[in-house]
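Visitor: I need the structure of the sequence given here:
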Amino acid sequence: MPSERLKPNQIGLAQAIFQGVSYVAPAADVAILLIITAGFALGSTPLAVLFAWAVYFLFLNANYQFSRFTGGASGYYGYVAKSIGPRAGFITAMWYVMFQFFSLAAFGLLGFATFLYYVSPDLTHIAYIWILFVAIVAFFTFYLGYRGLRPSLNYSMFSASIEIGFLVLMGIIIAVKAGSANTIEVFTLKPLDGNFSLLFF
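Guide: Okay, here's the model as predicted:
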């Protein structure tokens, strides 16, 4: 009979941190979300990002405040179960599972498809080849999960380190190439002519 408890010593602080990093997918955020943000915030994009971080911190703080009273692996559905009741917690857990399987998986496959398109746009002319790529990614993801928590999170540490290293390197290269164009104005509304609505959008 399988154990209902997690095996001891499966993850440490590093694995927990990188699980969070891989969950937010920094490279995908830069490739998709940051480009869209720049389309509206223009030269004030760094200010928009700082503002978004401040708002996001409020969400993180809410989770922290909850966890002080009801910490554990149950997460959101544990918070709901302990505050509203077990039935509401169960419904929240089911919604969370659906979100994990459908929303996050779709986001990952979308990012992978975008990456493949930039590698070779000719792939889009081969009918149904996307099924093969989706099957490969889905199998690899399943295999990592099947191997267990620690191997899966070790892979997250490895891949996220490469991802972050790449983003930092590209950021340095862009800053160096920009040269004298690097100014403090990106942290003001001057590039938007003071238009707050574009920053908030």
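Visitor: what's the following helix or strand after the helix or strand of the chain with the lowest mean pLDDT?
Guide: Ranked by mean pLDDT, DSSP states H and E, the weakest helix or strand in the chain is helix 105-119, scoring a mean of 72. Next helix or strand after helix 105-119 toward the C-terminus (DSSP states H and E): helix 129-147.
Visitor: S22 contacts A160, correct?
Guide: Yes: with contact defined as Cβ atoms under 8 Å, S22 counts as touching A160 (4.9 Å). Every C-beta, even on glycine, is put in place using the N, C-alpha and C of the backbone.
Visitor: in the lengthiest helix in the chain, what counts as buried?
Guide: Counting by DSSP state H, the longest helix found in the chain is helix 149-178. By 16 or more other Cβ atoms under 10 Å, the buried positions in helix 149-178 come out as S152, L153, N154, Y155, S156, M157, A160, E163.
Visitor: Please apply the same query to stretch 34-48.
Guide: L34, T37, F40, A41, L42, G43, S44, T45, P46, L47, A48.
Visitor: what sits up against that stretch?
Guide: Contact with stretch 34-48 is made by V49, E185, V186, F187, T188, L189, K190, P191, L192, L198, L199, F201, as judged by Cβ atoms under 8 Å, 6 or more residues apart in numbering.
Visitor: CA atoms only: put it into PDB for me.
Guide: Provided in PDB are the C-alpha atoms of stretch 34-48 (Å, rounded to 0.1, in the frame of the first residue of the first chain):
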ATOM      1  CA  LEU A  34       7.400  41.600 -21.200                       C
ATOM      2  CA  ILE A  35       7.200  42.300 -24.900                       C
ATOM      3  CA  ILE A  36       3.500  43.000 -24.700                       C
ATOM      4  CA  THR A  37       4.100  45.200 -21.700                       C
ATOM      5  CA  ALA A  38       6.800  47.200 -23.600                       C
ATOM      6  CA  GLY A  39       4.200  47.700 -26.400                       C
ATOM      7  CA  PHE A  40       2.100  49.800 -24.000                       C
ATOM      8  CA  ALA A  41       4.600  51.100 -21.400                       C
ATOM      9  CA  LEU A  42       7.200  52.000 -24.100                       C
ATOM     10  CA  GLY A  43      10.300  53.500 -22.500                       C
ATOM     11  CA  SER A  44       8.700  53.300 -19.000                       C
ATOM     12  CA  THR A  45       8.600  49.500 -19.100                       C
ATOM     13  CA  PRO A  46      11.200  49.200 -16.200                       C
ATOM     14  CA  LEU A  47       8.900  51.400 -14.100                       C
ATOM     15  CA  ALA A  48       5.900  49.300 -15.100                       C
END
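Visitor: where's that stretch relative to the chain centroid, distance-wise?
Guide: 18 Å (Cα atoms, centre = their mean, to the nearest Å).
Visitor: Much appreciated, bye for now.
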